[in-house]
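Chemist: my questions concern the predicted model and sequence given below.
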Amino acid sequence: MHILLTGGTGLIGKHLCPFLLNHHKVTVLTRNPIQAAVLLTHQVVAVKSLDEVDFEQVDAIINLAGEPIVNKRWSDSQKRELLDSRIKLTQQITKKINRCNSPPHTFISGSAIGFYGRQGDCKIDESFNDIYPEFSHVLCRDWEHAATKAESEKTRVCLLRTGVVLSKHGGALDKMLPAFKFGLGGPIGHGKQGMSWIHIDDMIQLILFVLSHQDICGPINATAPNPVDNNEFSQTLGSVISRPAMLRMPAWVLKLMMGEMSDLLLHGQFVIPDKLLKHNYRFHYPELKPALESLRL
């Protein structure tokens, strides 16, 4: 297949690209083609604009691009950047697909479990619709809405509602590790909030699984089947790296430091990947401790 990948130099994209290159031709949309070619190898075709891509010759699109959600405090301008970096590009891709006589048969587009908003201790699958209306939901809702405009008899749309991706080469875990390694880690707030996580290896494999299974479409919870609360996550991480994890971060301190963005850490969801399980995807790392141990932190 010929696959168009956006977000190819991000955490998921840079891990995914080598697997795609084993069997497919890969074109990567990037602001810096030279850097992308170096990072992802010269086997990829790196382009700066969608206008450089003949969509009639593309079989599938994997759209993972977007401004990192926790890099900056959520000012009004940063919220606009988070929205625009996802939605405008997705709208451009959708327009290109809809103009095709022979459009790509698959459009896999990013989203996140923030779609559900803050929730209690109930288990949430893809059919859950009692949404808490906050910024993380609006961001994911509008991103998904832009992608679904490409859906047709010729093109299926898959929406990856991704949890906390576990990798030591970037993402949330990479930011947590320094404090934990110095023995300064611990639960956040009351610690009862859900943490729906996924190992980077499973994240890559489930994308490949969705790509090859034409009967999967719509929202897909990209999380391991055994979410934990923040207390358990902190204790397990401390245990894996042989450090105490007793220093609880008070909610008010986090709110002072991060503002509204602190809601991502103080509230959570217990998300279940029901659709993947029903399609018999086998998780390599369904449990948290072996997942963390495998990363050799």
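Modeler: It's in. Numbering: from 1, shown residues only.
Chemist: now do the strands in the protein.
Modeler: For the chain, the strands defined by DSSP state E cover 2-6, 25-29, 45-47, 60-63, 106-112, 123-124, 156-162, 164-166, 194-195, 197-199, 218-222, 228-229, 270-271.
Chemist: what would these look like in JSON lines with mean pLDDT?
Modeler: Output for the strands of the chain, formatted as JSON lines (pLDDT from 0 to 100):
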{"stretch": "strand 2-6", "mean pLDDT": "97"}
{"stretch": "strand 25-29", "mean pLDDT": "96"}
{"stretch": "strand 45-47", "mean pLDDT": "93"}
{"stretch": "strand 60-63", "mean pLDDT": "98"}
{"stretch": "strand 106-112", "mean pLDDT": "98"}
{"stretch": "strand 123-124", "mean pLDDT": "96"}
{"stretch": "strand 156-162", "mean pLDDT": "98"}
{"stretch": "strand 164-166", "mean pLDDT": "97"}
{"stretch": "strand 194-195", "mean pLDDT": "97"}
{"stretch": "strand 197-199", "mean pLDDT": "98"}
{"stretch": "strand 218-222", "mean pLDDT": "99"}
{"stretch": "strand 228-229", "mean pLDDT": "98"}
{"stretch": "strand 270-271", "mean pLDDT": "98"}
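Chemist: and residue 79, which of those is closest to it?
Modeler: With C-beta to C-beta as the criterion, residue 79 lies closest to strand 106-112 of the strands of the chain, at 14.9 Å. Yep, even glycine has a C-beta here, placed from its N, CA and C like the rest.
Chemist: the closest one vs strand 218-222, what angle?
Modeler: If you take axes from the mean of the first three to the mean of the last three C-alpha atoms, to 10 degrees, strand 106-112 sits at 50 degrees to strand 218-222.
Chemist: show me what strand 106-112 is packed against.
Modeler: Applying 3 or more C-beta pairs under 8 Å, 6 or more residues apart in numbering; DSSP states H and E, we find strand 106-112 packed against strand 60-63, helix 76-98, helix 135-148, strand 156-162, helix 200-212.
Chemist: in the last one, what counts as buried?
Modeler: Going back to what we said before, that points to helix 200-212. Judged by neighbour count using 16 or more other C-beta atoms under 10 Å, the buried positions of helix 200-212 are 200-207, 209-211.
Chemist: repeat that for stretch 167-186.
Modeler: Here stretch 167-186 shows 167, 170-173, 176-177, 180, 185-186 as buried, counting by 16+ other C-beta under 10 Å.
Chemist: residue 105 against residue 153, yeah?
Modeler: No - shown here, residue 105 and residue 153 do not form a contact pair, counting by C-beta atoms under 8 Å, at 10.4 Å.
Chemist: more crowded one of the two?
Modeler: Ranked by neighbour count (other C-beta atoms under 10 Å), residue 105 and residue 153 place residue 105 first, with 14 against 5.
Chemist: residues contacting the residue lying closest to residue 273 once chain neighbours are set aside?
Modeler: Leaving out its chain neighbours, the residue that sits closest to residue 273 by C-beta to C-beta, 6 or more residues apart in numbering is residue 221, at 4.4 Å. Residues in contact with residue 221 (C-beta atoms under 8 Å, 6 or more residues apart in numbering) are 113, 124-126, 161, 163, 196, 271-276.
Chemist: lovely, talk soon.
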